[in-house]
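Chemist: Any chance you could fold what I've pasted below:
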Amino acid sequence: MIVVDPPRKGCDSVCLDTILKMAPKKVVYVSCDSSTLARDIKYLCENGYEVKRVRPVDMFPMSGHVETVCRLDRK
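Modeler: Residues are numbered from 1 along each chain as shown. All right, here's what the predicted structure looks like:
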């Protein structure tokens, strides 16, 4: 299993390609930006992973910020 928690800009291509080369059974992706999460998950899903669970986590009450935890499994 690999757990990634990138900055707002998301994972860069080197990181995503390294994940694919390592080919873990599971990837847990923690994100503070839903648009970069969607971009990176799309790339991982196009390359052999599928989304199994998504959970929002409100770590900053009374604000518009939400962390999202997503589990992907290798097909």
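Chemist: isn't C45 right up against V51?
Modeler: Yes - if you go by CB atoms under 8 Å, C45 and V51 touch, sitting 6.8 Å apart. C-betas here are computed from N, CA, C, even on glycine.
Chemist: T18 falls within a helix, correct?
Modeler: Yes - looking at T18 with DSSP: H, G, I helix; E, B strand; the rest coil, it is inside a helix.
Chemist: Could you tell me the per-residue confidence at it?
Modeler: Confidence at T18, expressed as pLDDT, is 97.
Chemist: give me the number of residues near it?
Modeler: When neighbours are counted by other CB atoms under 10 Å, T18 registers 12.
Chemist: picking that back up, common neighbours of C45 and V51, please.
Modeler: L72 (CB atoms under 8 Å, 6 or more residues apart in numbering).
Chemist: Need phi/psi at the closest residue to L16 other than its chain neighbours.
Modeler: Nearest non-adjacent residue to L16, counting by CB to CB, 6 or more residues apart in numbering: Y43, 5.6 Å away. Backbone torsions of Y43, given as degrees, to the nearest 10, read phi -60, psi -50.
Chemist: gap between Y43 and G64?
Modeler: 26 Å (CB to CB, to the nearest Å).
Chemist: One more: K52?
Modeler: From K52 over to G64 the distance is 27 Å, taken as CB to CB.
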